[in-house]
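Enquirer: Structure here, sequence nowhere to be found:
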């Protein structure tokens, strides 16, 4: 049996699959960036396992993370979404997703892609850490602070530094698999 990061040991199959196949893998697709920006914001105050279990609901209710479609959601559509238990039914988070979609498009127009924008905060390549234990992993870094500050300035919602660090880990801007995890070697060589 392969050794994984301790945060996903003794969990459910989708959680292990997420750890094994997605977490820490560099993302360069704007649709995926928007998905993780949405899901990490939805996680605020909750566990990632809760969000992962509702991921399909988010995909269904947020137009499979089509940013242009979400940017045009009306207040009436937001009300319908808020009735569906397939997602976290938090009014501020759902409304914030619509605002974030609009701001995301503005960033795409300014930089050519959200990907180009977000990767500039780490110099265009992943920050590869060598943590021996998850206890060593910080909740925020100067890079997540800078990203958070800039996104807030642009009007994004639910983009605090802790949320942004989790987003950076998810999208591979930061590689935080522990050195004893089987994914560490493959992802630290990218």
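Expert: Nice, I can see it. Everything numeric in this text was worked out from a predicted model, so none of it was measured. Residues are numbered from 1 along each chain as shown.
Enquirer: Name the helix or strand for the residue positioned nearest the centre of the chain, please.
Expert: When the chain is reduced to its mean C-alpha position, the nearest residue by CA atoms, centre = their mean turns out to be residue 36, at 3.0 Å. Element membership for residue 36, per DSSP states H and E: helix 30-43.
Enquirer: buried stuff in that helix?
Expert: Of the residues in helix 30-43, 30, 32-43 count as buried by neighbour count, 16 or more other CB atoms under 10 Å. To be clear about C-beta, it is placed using only N, CA and C from the backbone, and glycine gets the same treatment.
Enquirer: just stretch 72-90 next, same as before
Expert: Applying a neighbour-count criterion of 16+ other CB under 10 Å, one finds 73, 77, 81, 87-88, 90 buried in stretch 72-90.
Enquirer: Looking at the residues you listed, which are in helices?
Expert: 77, 81 (DSSP state H).
Enquirer: Go through the buried residues of stretch 72-90 and say which is closest to residue 54.
Expert: Nearest to residue 54 out of those is residue 87 (CB to CB; 5.4 Å).
Enquirer: Please look at the closest one and residue 55 and confirm they touch.
Expert: No: at 9.3 Å, residue 87 and residue 55 do not qualify as touching, with contact defined as CB atoms under 8 Å.
Enquirer: Do a quick rundown of the strands in this structure.
Expert: For the chain, the strands defined by DSSP state E occupy 127-128, 174-175.
Enquirer: per-residue confidence at the residue nearest to residue 87 when sequence neighbours are not counted?
Expert: Leaving aside its sequence neighbours, residue 87 sits nearest to residue 57 (CB to CB, 6 or more residues apart in numbering; 4.7 Å). At residue 57, the pLDDT value in this model is 98.
Enquirer: Contacts only, for residue 57.
Expert: 84-87 (CB atoms under 8 Å, 6 or more residues apart in numbering).
Enquirer: how far away is it from residue 160?
Expert: Between residue 57 and residue 160 the distance, using CB to CB, to the nearest Å, works out to 24 Å.
Enquirer: next one: residue 31
Expert: Taking CB to CB as the criterion, residue 31 is separated from residue 160 by 23 Å.
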